[in-house]
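1. Build the 3D model from these lines:
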Amino acid sequence: MLDKLHSLVRQIAMAEVMPRFLNASISRKADGSLLTEADLAAQAAFAATLPELIDCPMLGEEMTAQRQQELWQHSQNGLWVVDPIDGTNNFINGLPHFALSCAFIQNGRAQLGVVYNPVSDECFYAKHGKGAYLNGRPLPLRSVEKNLHEAIAGVEIKYLRSGKLSSRMNTLAPFGSLRSMGSSTLDWCYLAAGRYDIYVHGGQKLWDYAAGALIFEEAGGHLATLEGDEFWSGMHVFKRSVIAGTQPALFEKWLKWIRENQ
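-> Below is the predicted model of the structure:
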């Protein structure tokens, strides 16, 4: 099933997304964020083909909030969750850092997850309890013991709700250097691969974390939220914060620093 899923994601990327890269018509959604014809075409392709793998509904980023809520509330038998293009602004501006993300969720937890960057041809994928992979290679690709002051951190400053935390992240951050590249799904995968060491985000949407958090966990990562220690059991399904680290000792130091500075 996982092989079929990541093959399908690749096919949709090649058929619907890449032909429109640098050549897509652009519009704006009700919230002011950008939308392209590639987002809509990819989401429609997922909706048409995913039920052939597992016959259950699909929730996509480009649906209305009301429809997304309805689908989640009636997802007892499983639900596909799709972000047709994560990093739409990058896609529009020609930055080769965006991805298609697809997850199968059952009982509130992701069971299958695929994140694919079609420009780099990097396909990250995982099945619950079976490990995580990048193009067939087990993740993480590298695991180097680091002190917190040496760590590369993925940080989305603008989504941190606490003014105190965002200010201190800029002025008193305990890590080595910061990255913010505009694609939450790939942030998760870079953590899983060992390219990032630690991570914090103030509020990701369901389709931002559904596949990525599974891939990261299956690669041996550690995660919590700004509000509590259990990531998957939080009530705020459609907007969930995250604190993450690749190694236990590093994660505990990072978690402690954030909790003390919120």
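2. drop to CA atoms for contacts and neighbour counts, all remaining ones
-> OK.
3. residue ranges with poor pLDDT in the stretch 1-150 of the chain?
-> 30-32 (pLDDT under 70).
4. Now do the strands in it.
-> Remark: strands of the stretch 1-150 of the chain, listed N- to C-terminal, are 26-28, 34-36, 58-60, 79-86, 99-106, 109-117, 122-127, 132-134, 137-138; assignment by DSSP state E, counting those that start in this stretch.
5. I'd like those strands written out as JSON lines, with distance to T246 and mean neighbour count added.
-> Formatted as JSON lines, the entries for those read as follows, by distance: least, CA to CA, whole Å; neighbours: other CA atoms under 10 Å:
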{"stretch": "strand 26-28", "distance to T246": "36", "mean neighbour count": "11"}
{"stretch": "strand 34-36", "distance to T246": "32", "mean neighbour count": "18"}
{"stretch": "strand 58-60", "distance to T246": "29", "mean neighbour count": "25"}
{"stretch": "strand 79-86", "distance to T246": "23", "mean neighbour count": "28"}
{"stretch": "strand 99-106", "distance to T246": "21", "mean neighbour count": "26"}
{"stretch": "strand 109-117", "distance to T246": "18", "mean neighbour count": "26"}
{"stretch": "strand 122-127", "distance to T246": "16", "mean neighbour count": "25"}
{"stretch": "strand 132-134", "distance to T246": "14", "mean neighbour count": "25"}
{"stretch": "strand 137-138", "distance to T246": "15", "mean neighbour count": "14"}
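6. Looking at these, spot the one closest to R67.
-> The closest approach between R67 and any of the strands of the stretch 1-150 of the chain, judged by CA to CA, belongs to strand 58-60 at 8.2 Å.
7. coming back round to it: want to try a markdown table for the strands of the stretch 1-150 of the chain, with distance to L226 as columns?
-> What follows is those, written out as a markdown table (distance: least, CA to CA, whole Å):
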| stretch | distance to L226 |
| --- | --- |
| strand 26-28 | 31 |
| strand 34-36 | 28 |
| strand 58-60 | 25 |
| strand 79-86 | 23 |
| strand 99-106 | 23 |
| strand 109-117 | 19 |
| strand 122-127 | 25 |
| strand 132-134 | 25 |
| strand 137-138 | 29 |
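8. and of those strands, who's closest to L165?
-> Of all those, strand 79-86 comes closest under CA to CA, at 25.6 Å.
9. For G163, grab the count of nearby residues.
-> When neighbours are defined as other CA atoms under 10 Å, G163 has 12 of them.
10. And it, how far from P96?
-> As defined by CA to CA, to the nearest Å, G163 lies at a distance of 31 Å from P96.
11. domain assignment for this protein?
-> As assigned by automatic domain parsing, the chain contains the domains 2-138, 148-261.
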